[in-house]
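Student: okay, sequence plus prediction incoming.
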Amino acid sequence: GLAVAVWVPDFKPLALLLVGLAMGFLTVNWQPAKVFLGDVGSTWLGYVLGGLLLVACAEDTWTVAWPLFACTLVFTGDATWTLVKRVAGGHMPWVPHREFWFHRALRLGFSHSQVVWRVCGLNAVLFVLAAVGLAGGVGWGGGLVYLKLDFGGMCGRSGSVQYT
């Protein structure tokens, strides 16, 4: 939400509203957790943020798509890896489980606060890398990968494709 607010000014009010809602939930629900967001809440939040990212990318797809995606890597990586691992292991993906990275960190002895702060720190690093990449014309990851796509008439740019 913060990345959308910063990089896509047209969506700043809605993005900041979502950031405020999430921060309010986090503040009220700090350790020990009092309210469980659950599948319904997290699915809604995921669809709203995902939809906002897609609409924001439609505004300037080739500039903001990869930086915005980079800011979601903690969550998309966790969900994707867990789903692939569960399906490969013969488990039904819709059956409740405790296999996400967050659950594993708690089992290893980390507190809720420690996990949240580490995820916030990792997201901050991803945001900075994406911002550096965006400012430098890097398509993704602030120098980790250089991928600049430019498809002629699309988005009013010259026609070239560069991979390094």
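Tutor: Thanks, I have the structure now.
Student: for stretch 93-102, what is the distance to the chain centroid?
Tutor: 19 Å (CA atoms, centre = their mean, to the nearest Å).
Student: in that stretch, what counts as buried?
Tutor: Across stretch 93-102, burial judged by 16 or more other CB atoms under 10 Å covers 101, 102. C-beta here means a position set from N, CA and C on the backbone, and glycine is covered the same way.
Student: same question, stretch 79-96
Tutor: Result for stretch 79-96 [16+ other CB under 10 Å]: buried residues 82, 86.
Student: hey, C-alpha coordinates of that stretch in PDB?
Tutor: The C-alpha coordinates for stretch 79-96 follow below in PDB (Å, rounded to 0.1, in the frame of the first residue of the first chain):
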ATOM      1  CA  ALA A  79       2.000 -18.300   0.000                       C
ATOM      2  CA  THR A  80       3.400 -19.700  -3.300                       C
ATOM      3  CA  TRP A  81       6.100 -21.800  -1.700                       C
ATOM      4  CA  THR A  82       3.700 -23.200   0.900                       C
ATOM      5  CA  LEU A  83       1.000 -24.000  -1.700                       C
ATOM      6  CA  VAL A  84       3.500 -25.700  -4.000                       C
ATOM      7  CA  LYS A  85       5.000 -27.700  -1.100                       C
ATOM      8  CA  ARG A  86       1.600 -28.800   0.200                       C
ATOM      9  CA  VAL A  87       0.300 -29.900  -3.200                       C
ATOM     10  CA  ALA A  88       3.500 -31.700  -4.000                       C
ATOM     11  CA  GLY A  89       3.200 -33.500  -0.700                       C
ATOM     12  CA  GLY A  90      -0.300 -34.700  -1.500                       C
ATOM     13  CA  HIS A  91      -2.100 -32.300   0.800                       C
ATOM     14  CA  MET A  92      -5.300 -30.500  -0.100                       C
ATOM     15  CA  PRO A  93      -4.500 -26.700  -0.300                       C
ATOM     16  CA  TRP A  94      -7.800 -25.700   1.300                       C
ATOM     17  CA  VAL A  95      -7.300 -27.800   4.500                       C
ATOM     18  CA  PRO A  96      -6.200 -25.700   7.500                       C
END
